[in-house]
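Peer 1: quick one, what's the 3D model for this:
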Amino acid sequence: MSVMLKRRAVVSAGLAAMSLAVVGGGPAFAQAARLRLLWWGSQERADRTNKAIAAYKKAKPDLDIAGEFAGWSDYWPRLATQVAGRNAPDLIQMDYRYIFEYARRGALAPLDEYVGKALKIEDFGTPNIDSGRVDGKLYGINLGVNSSSVFFDAAAWEKAGVKAPSAGQSWEEFAKNAAEFGKNKPKPGYYATADASGVEPSFENWLRQQNKALFSEDGGLGYDAKDAGDWFTMWADMRKAGACVPADIQALDQLNIESNALTTGKAATAFAHSNQFVGYQAVNKAKLSITSYPKVSKDSPSGHYLKPSMLMSVAKGSAGMEAAAEFINFLVAVPEGVDILGVERGVPASESMRNQLSPKLNDVSKAMVDYIAEVTPGVGPLPPSPPPGAGEFAFVLKRTSEEVAFGRMTPEEGGKRLVTEAETVIKRK
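Peer 2: Below is the predicted model of the structure:
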């Protein structure tokens, strides 16, 4: 069994066992004087989070918060296993794709009763508060706002004598320029861009530019095999033209900052969430720039939308509900906590926190905030709530894209496979 299939089996088994664990008396938690916090992310995020925990403990010396983190690919099997084993952390960093599934399986605690009390989030605005709701109840607190984006080394593009990615550029122009970059590459084994054919936000953005979606309102697929085949074809053409990294390099990307081809020095461009700009710059020596996605045509929608970069949830049955809510409030609504986290998890949802934080930001963080302001006028609505199993789609896409990249199937066959496999992991509402 492949690593990806094993991973999928672990997550599926964990989620299947999750409901039983909750029904069987609730997870086993430490006393309220000790909270466990689990998050995914880079070392930059870990450093900021641990610093926030240390600062909070000065005000709450009797409360111990034990932090632990993992990379994105390892995080979800780990969380599913912990929840199924009734050993869930009190505080859980949650993703928009997964929160519906965890909430509906009874693994998360509703937080509505704490709003206006321990949680001072009234100035988040309705959309940012509602981004953490599932079936009308609040299960997650927005840690920051972000959108899909393109990061690039402008100096490398300039050295190649080619126009760098820019707002309003078409995918056709981007591909042409990237191929030209490949002919004039600044150094051997270096390419214009990472291969984003297996990156879920990239595929979603491209679909939205054509008024399609990953998932429909009723929980089905919002695209067909031809759409997916066309997506794989576009990247296959770039691969053949030497515009993006070859399959063996892209396969090393584990969907995190450290293993992306931009960070490993194999590409001048990466596709990522805007809040990751801080983390990418922290581990890249070259100065990075940020811009919006290429568009399928000049008149197409941008494909962008504003989403919660991540949310903070509390596990159902936690012995420290009040303490957990107060710590979340420190992270999102208290200047000290907000200043420590900065914008690494996204632009603060709170208007007052944005206003007090903005003058303190360095150039990297300001660039990210400016980017959100730049794309906001053209963003579309938040996608429909994803169906159960949607969290696994990212790994199905990555695996299928690699099969195409290595030549084990044609782009058209990859499109059909993506539809077939996606339908096996999601369940309609």
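Peer 1: got the contact list for the one helix or strand Y98 maps to?
Peer 2: Assigned by DSSP states H and E, Y98 belongs to helix 96-104. Helix 96-104 has contacts (CB atoms under 8 Å, 6 or more residues apart in numbering) with 15, 18, 76, 83, 92, 94, 108, 131-132, 134-135, 137, 139-140, 307-308, 310-311, 313, 385-391, 393-394. For the C-beta atoms, the positions are set from N, CA and C on the backbone; glycine is no exception.
Peer 1: and the next helix or strand past it?
Peer 2: helix 126-130.
Peer 1: which stretches of the stretch 1-150 of the chain form helices?
Peer 2: 3-23, 43-59, 72-84, 96-104, 126-130 (DSSP state H, counting those that start in this stretch).
Peer 1: weakest of the ones you listed by average pLDDT?
Peer 2: For the helices of the stretch 1-150 of the chain, mean pLDDT drops lowest on helix 3-23, to a mean of 44.
Peer 1: report pLDDT for the nearest residue to R133 once chain neighbours are set aside.
Peer 2: The shortest distance from R133 to any non-neighbouring residue, by CB to CB, 6 or more residues apart in numbering, is to Y139 (7.1 Å). As predicted, Y139 sits at a pLDDT of 98.
Peer 1: surely Y139 touches L108?
Peer 2: Yes: counting by CB atoms under 8 Å, L108 is a contact partner of Y139 at 4.6 Å.
Peer 1: give me the buried positions along stretch 151-171.
Peer 2: Neighbour-count burial for stretch 151-171 flags 151-154, 156-157, 160, 162, 164-166, 169, 171 (criterion: 16 or more other CB atoms under 10 Å).
Peer 1: residue ranges of the helices in the stretch 201-350 of the chain, please?
Peer 2: 225-240, 247-250, 277-283, 321-333, 335-341.
Peer 1: using CSV, lay out these together with mean pLDDT.
Peer 2: Listed next are the helices of the stretch 201-350 of the chain as CSV, based on pLDDT from 0 to 100:
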stretch, mean pLDDT
helix 225-240, 98
helix 247-250, 98
helix 277-283, 95
helix 321-333, 98
helix 335-341, 98
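Peer 1: quick one: closest of those helices to G414.
Peer 2: With respect to G414, and counting by CB to CB, the nearest of the helices of the stretch 201-350 of the chain is helix 225-240 at 4.6 Å.
Peer 1: how about that closest one, which residues are buried there?
Peer 2: 225, 227-236, 238-239.
Peer 1: next: stretch 107-125.
Peer 2: The neighbour-count check on stretch 107-125 (16+ other CB under 10 Å) flags 107-111, 114-115, 118-121, 124 as buried.
Peer 1: quick one: which of these is nearest A70?
Peer 2: Nearest to A70 among the buried residues of stretch 107-125, with distances taken as CB to CB, is A107, at 17.7 Å.
Peer 1: setting aside sequence neighbours, what's the nearest residue to G346?
Peer 2: Nearest residue to G346, sequence neighbours excluded (CB to CB, 6+ apart): G144, at 2.2 Å.
Peer 1: now do E403
Peer 2: M409 (5.2 Å).
Peer 1: let's see the pLDDT reported for the one you found.
Peer 2: pLDDT for M409: 98.
Peer 1: surely it meets R417?
Peer 2: Yes: if you go by CB under 8 Å, M409 and R417 touch, sitting 6.7 Å apart.
Peer 1: looking at those two, which is more packed in?
Peer 2: Counted by other CB atoms under 10 Å, M409 and R417 do not tie: R417 has more neighbours, with 20 against 16.
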